[in-house]
Structure formats: C-alpha cells, structure tokens
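>>> pasting the structure only:
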C-alpha cells in the first residue's frame, strides 16, 4: 500500500505498532511519545549533547540499491556516531521523514525496524517524529544525549602539539561498499558483502567514546567525511598541524581484495564512522586495552595551524589530492 | 554566490556570523555550539518536551512566492507552536537544512536572520544543525523545551465530557494567505498583507500555553491541520465527541474581505498555529483574563468517541465536507 493511499495517520499507527514490539525497559523515561504535539521525556541530564544529521536520496544513497531496513539503521547510526564523538550517552531521538507519495508503507515499517534494532542496542528512545510528503526520500534524525560533566567531553579544539593521533577500527570500507553498490560489483563475495555491510550498517562507537573520556582523552571526533577532511577540522579548531604516516593507516582488508585504492578510500572516502582522537601515549594505551575494537596510532600533532603532512613509507611527503567529501 | 561554489564550510561560517550578531544573554547555556560533532548544552530540566517538524518546497511553499526570511521564521515557529501546545518553554533548537546546490548563500543568511529573530523573541538557543545537498528545499527543525512538572502539561488525551472547547486568536488567515500567494491576489491591499503575514509569520502561543497550564487546563494542542482535523485528534485520544457552533468560530476578518469562505478556511485550512483547548468555564475565564490574545469558546465536549457535530445558526447539523489537511 502506497503512502498516498494509506495516509499519514495509518503510517503512524504502523510505526507505533513496531515501536511497541521492541520497547525496552529503559524507555520508561518516555512519559508521552508519538501522538501528541511533542514528546514528554523525563531526564536527569545536567549537560546534554544534541545533534542532527540526514540521509537524502541521490546524495547519500540511490533508489536502485536502497535497503530500507539498512537505511533506518544508518539514519540513527550517523547521529549516534556524533554523540559517541562527544563521549556522550544517547538518550532520545526524533525522526523527521520526507517521503514521496508512492512510498510503500511496508518500506516505512522496514525503516523503523532497522532504526529500532539499533535504538534497542544503544538504549536510545525513539521519542517522536514527523512525516511529510516530498519528491525525494529524506531521513532527518535528531538525537539528544548526555555527558557526565562539562569537561568530560571530546571536542575538536583540544588537540595539543606532541599529542599522538589515533583511530578506531578499519577505514575505507564504507566508501568501498558504496562503490560496490553503485557499480554492482560481485555482490555475492564475502569481501564485497563486508564492504556493503560497512556502508549500510556502521557501528556507532558509543562505548569507545566513553572509554576515551574515562581514559583522559579530550580531543576527538568521528570520521564521516574522510580522514583528511575530518582531521583538518581538528587542526583548524585546535590551531595545530599534523603528520600522518600513510602505512600506519588501518585500511580495511576487503578494500584491496575488491581492487580499490585502500589508502585513497581511507583518506577521502568517508562514512566510516570510526573515532579519530588525539592524546598522550599513556591515555591511548589505556583506551586500546579497554576498547572492543582495534585502536591504531597513525601520527602526531605538530605546530602550524591546519598544516597536514602525510608521509609515505620512505618518509617523503605525499601529495594530498582529494580533500574528502564535499557536501555541495 | 551559489552553495555549490561556496561549499558547506563557508555557508556555516556565514551562519555563525549571523548567530554571533544576535546571541542574547540566555544563550550562556550553550557551552559549545556549531562546529563540533554535537552541541553541548547545560540544562536543569527534569521534564523535557521535544518535537520536530519541517517545511518542504512544493509541499509547504512554492519557489515563486518564497520569502527566505519568512521561511526561517516559520520553520522555527511551527516547532515552537508544538512546544506551546504542550504548555512548555522552548530551550534549544537544531536545524537540518536540505538545499539545492544553486541556492544563493545570501538566501541562507536571510533564512537564519528570520529564524534568529524569533529565537531571540522566545529565548530559544540555535544550538546546532546540519546542511546537505538535495534537489528541493527542506528545513527540518527540532526543538527541545521543558515543562515544570510531569502533570503540568497539555495533552490531547485529557478532554472530558462537559468541558468547553476554546481557541486562541482568529482562524483561517494563514490558509487565506496561502491562497492569496498562490493566485497572486491584490498583494498591495491591507487585508491581503494581513493574510500573507499570517501565513509566513505565525506567532507561536508560548506565553498563552503557559497561562493555560497555570489556569488548570490539561487538554490542548495547536491548530496546524485545521480545526476539524485537529479537534478530531483530541476526540480520538480522549474517547469523547464534540459539538461546535459554527457562528462562534472566530474567523479572521480579512478572510471575508478577500472573498474567501471564512468558515471553510477556519475549519479545514490549517497552519493557523493557534491553540485549541478544553476545560471548565472557570479555567477558561482565567485564561481569557490573562492571555494577550482573544480567547473564544466555540463548543462543548460530548459523549461518543470521535463524533463531531458542527451546528449552524439555526441549530442544524452541517455536513463536514473537508476533513482538513492531508499530508499525502
């Protein structure tokens, strides 16, 4: 049944049904959810972190490889990643859906199933939302979370000369997955599947974000636009430079198997949603010991605002051709 | 300069400049705003209200009568109205912009000026946001606010048989304004201007919402889809019916001057963003004495879930032809 025939209120009823199926215990903070002018939520946060991000058709995905369940997961994941990148704990989410009138209502249900799976995993309450007609699909999600204290937070402005630079996980996989989808490459091979999964089902590093703060790290962000572009934000906001050793960058192993340039995808591909952070060796070692994922030191913070040097295996400076994802 | 040429980060810089120009004192709750992964906000709320809504090109407005400053005001206003409809106080907003690459950056600045004017008036902090490319304009805004206690809130489910039904302000003006814009009717006449202003610059009834709660009203919502559709939500959620006397409905005087059917626009036009509420005569009299706008009793809550009767001046039941705004 198409949205245009079903109407807004039947779609909302279907969404409420899905929510009621999975509603975990921690959702008791939600006093009044979908159905009123605004959601009513009980909170004890003194310091909140709040973020919004979107996924839009033909910008972030294409209809010919669209997976609605994955889209729901990813729409929430990219925002949870921003909460993780502050060292925060997610509390509740609001979802503003823009949908073409010919959208199948079963697909909206799938979208919510994907979203609710990750919401459950992360203790995030889906508190409310809105649905509007549009000519293209747009999923705009907002998440409110909390941090334990004003100073116990990861900011882009806190990198200091001499800090080491580290990343979680493996890079380049999401960009490889997008290429695999766009060009319909070997979709049955394990490596291709791993990359597609990295593109559609990023794992927001919420627990690692908290470990970072606990370990004394104060500078961090998530990698959404690619390592070069995102590290650039830290350098600008912290008034520092950086040197990266290319061969240390932990490229996802499946990227090379598919024949892609792993370093290029890691540097400029984007959408990995891993954490990029800086700090002293001692703090990073603490993180590595406690984190549930690989933690790799890739370089060092230097003098010189915004100056980024990437060194090859011989210590020569490599040209930076691609500055990362451009939104326009 | 077009967004495609300027790039995301220069647009964000322009937005930050606009924000810094008007930043009032109460924004000291914003510890870290635009520029990091998420906004960091200090809060003391125990009970929060949170809502999201959007304005989309060709759905809520058309490019040929688009006023960017007004669009910014309205994008915030429609969400503030939802906070008002809960009896809440707005605290902070996040803005997710979807913009075509050929959007003039000066228009984005105008959008923020309109938004910031209302933000200042209402003490709302613009805490953060996101910008993405899209093929059509979409402004998705989320607002987090607070209510003083769990029970001091306006819900759609609290209407009781015997309650009187009242509305704030005058109805039908926004729908009349939209018709005036779409058909380019007499744009220089005072009445046309009044209607266009009602369409573009709705005044969220935040102060009145608080007066309602203080006066003991517990059932209320804002009129966004038209009186019939919105009252229908109260009737469904409260398990009651209603009788409305048509001639009591406060139709905006300019609607008739322009030659529109005032009653139809008031009943089904939508976008008035006035408050619709139910309660005892004594509480409504208190509200009328304290509110800064007209308060009009238009009918009564009856038995019979969802049953709405509109009576003409002779007491005859009028047919309800148009159920209000459909989102699909």
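Sure thing, it's come through. As the structure is a prediction and not an experimental result, all values here were calculated from the model.
>>> Now stretch A:202-220: average pLDDT?
Stretch A:202-220 shows a mean pLDDT of 98.
>>> for stretch A:159-170, same thing?
In this model, stretch A:159-170 has an average pLDDT of 98.
>>> In the stretch 51-200 of chain A, what residue spans correspond to helices?
With helices called from DSSP state H, counting those that start in this stretch, the stretch 51-200 of chain A shows them at A:68-84, A:105-122, A:173-182, A:190-200.
>>> Turn these into a markdown table, columns for mean neighbour count.
(Each C-beta comes from the backbone N, C-alpha and C, glycine too.) Below are those laid out as a markdown table (neighbours: other C-beta atoms under 10 Å in any protein chain shown):
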| stretch | mean neighbour count |
| --- | --- |
| helix A:68-84 | 26 |
| helix A:105-122 | 20 |
| helix A:173-182 | 25 |
| helix A:190-200 | 21 |
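>>> wait, which of the ones you listed is closest to residue B:153?
With C-beta to C-beta as the criterion, residue B:153 lies closest to helix A:105-122 of the helices of the stretch 51-200 of chain A, at 24.1 Å.
>>> Can you give me every residue that contacts residue A:181?
For residue A:181, the contact set (C-beta atoms under 8 Å, 6 or more residues apart in numbering or on different chains) comprises A:62, A:65, A:196, A:199.
>>> so who does the last one touch?
Under the criterion of C-beta under 8 Å, 6+ apart, the contact list for residue A:199 reads A:173-178, A:180-181, A:271.
>>> of all those, which comes closest to chain B?
residue A:271 (13.2 Å; C-beta to the nearest C-beta).
>>> Look up the closest residue to that closest one, ignoring the ones flanking it.
Sequence neighbours aside, residue A:174 is the residue nearest to residue A:271 in space, at 3.9 Å (criterion: C-beta to C-beta, 6 or more residues apart in numbering or on different chains).
>>> In this structure the one you found contacts residue A:268, no?
No: with contact defined as C-beta atoms under 8 Å, residue A:174 and residue A:268 do not form a contacting pair (12.0 Å).
>>> Chain A - how does it break down into domains?
Segmentation of chain A into domains, based on automatic domain parsing, reads A:3-147, A:164-317.
>>> Number of residues surrounding residue A:44?
9 (other C-beta atoms under 10 Å in any protein chain shown).
>>> Contacts only, for the residue nearest in space to the middle of chain A.
Centroid-nearest residue in chain A: residue A:78, 3.2 Å away (criterion: C-alpha atoms, centre = their mean). Residues counted as contacts of residue A:78 (C-beta under 8 Å, 6+ apart) are A:53, A:55, A:141, A:202, A:204, A:224, A:273.
>>> Residue A:137 too?
Residues counted as contacts of residue A:137 (C-beta under 8 Å, 6+ apart) are A:56-57, A:63, A:66, A:71, A:98-100, A:103.
>>> As a markdown table, the contacts of residue A:199 with pLDDT and distance to residue A:3 would be great.
Below are the contacts of residue A:199 laid out as a markdown table (pLDDT from 0 to 100; distance: C-beta to C-beta, whole Å):
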| residue | pLDDT | distance to residue A:3 |
| --- | --- | --- |
| A:173 | 96 | 33 |
| A:174 | 96 | 29 |
| A:175 | 95 | 32 |
| A:176 | 95 | 33 |
| A:177 | 95 | 28 |
| A:178 | 95 | 27 |
| A:180 | 93 | 30 |
| A:181 | 93 | 25 |
| A:271 | 95 | 28 |
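>>> If we only consider the residues you listed, which is nearest to residue A:213?
Set against residue A:213, the nearest of the contacts of residue A:199 by C-beta to C-beta is residue A:271 (24.0 Å).
>>> and the residue nearest to the centre of chain A, what pLDDT?
98.
>>> do the one 3 residues further on as well
Residue A:81 carries a pLDDT value of 98.
>>> out of the contacts of residue A:181, who's nearest residue B:279?
Taking these together and measuring to residue B:279 by C-beta to C-beta, the closest member is residue A:62, at 51.7 Å.
>>> Just give me the neighbour total for the closest one.
Around residue A:62 there are 12 other residues, counting by other C-beta under 10 Å.
>>> Distance of the residue lying closest to residue A:95 once chain neighbours are set aside relative to residue A:115?
Leaving aside its chain neighbours, residue A:95 sits nearest to residue A:129 (3.7 Å; criterion: C-beta to C-beta, 6+ apart). Distance, residue A:129 to residue A:115, using C-beta to C-beta, to the nearest Å: 10 Å.
>>> what touches both of those two?
In contact with both residue A:129 and residue A:115: residue A:95, using C-beta under 8 Å, 6+ apart.
>>> show me what contacts the residue nearest to residue A:95?
A:15, A:34, A:94-97, B:52.
>>> Enumerate the residues of the stretch 151-300 of chain A near chain B.
Residues of the stretch 151-300 of chain A found near chain B (C-beta under 8 Å from any C-beta of the partner chain) are A:153-157, A:221-222, A:237.
>>> between those, which has the most around it?
residue A:154 leads those on contacts (other C-beta under 10 Å) with 30 neighbours.
>>> Could you give the backbone dihedrals for that one?
Main-chain dihedrals, residue A:154, degrees, to the nearest 10: phi -100, psi 120.
>>> That one contacts residue A:216, correct?
No: applying C-beta under 8 Å as the test, residue A:154 and residue A:216 come out as separate, 11.2 Å apart.
>>> so where's the stretch 51-200 of chain A uncertain?
Within the stretch 51-200 of chain A, the stretches with pLDDT under 70 are A:187.
>>> unless I'm mixing things up, residue A:210 is touching residue A:86, no?
No: between residue A:210 and residue A:86 there is no contact under C-beta under 8 Å: 10.3 Å.
>>> okay, these two: which has more neighbours?
A direct count of neighbours by other C-beta under 10 Å for residue A:210 and residue A:86 places residue A:86 higher, at 29 against 19.
>>> so the more buried one touches residue B:39, yeah?
No: if you go by C-beta under 8 Å, residue A:86 and residue B:39 don't touch, sitting 9.0 Å apart.
>>> Tell me the residues that contact both of those two, please.
The contact sets of residue A:86 and residue B:39 overlap at A:49, A:51 (C-beta under 8 Å, 6+ apart).
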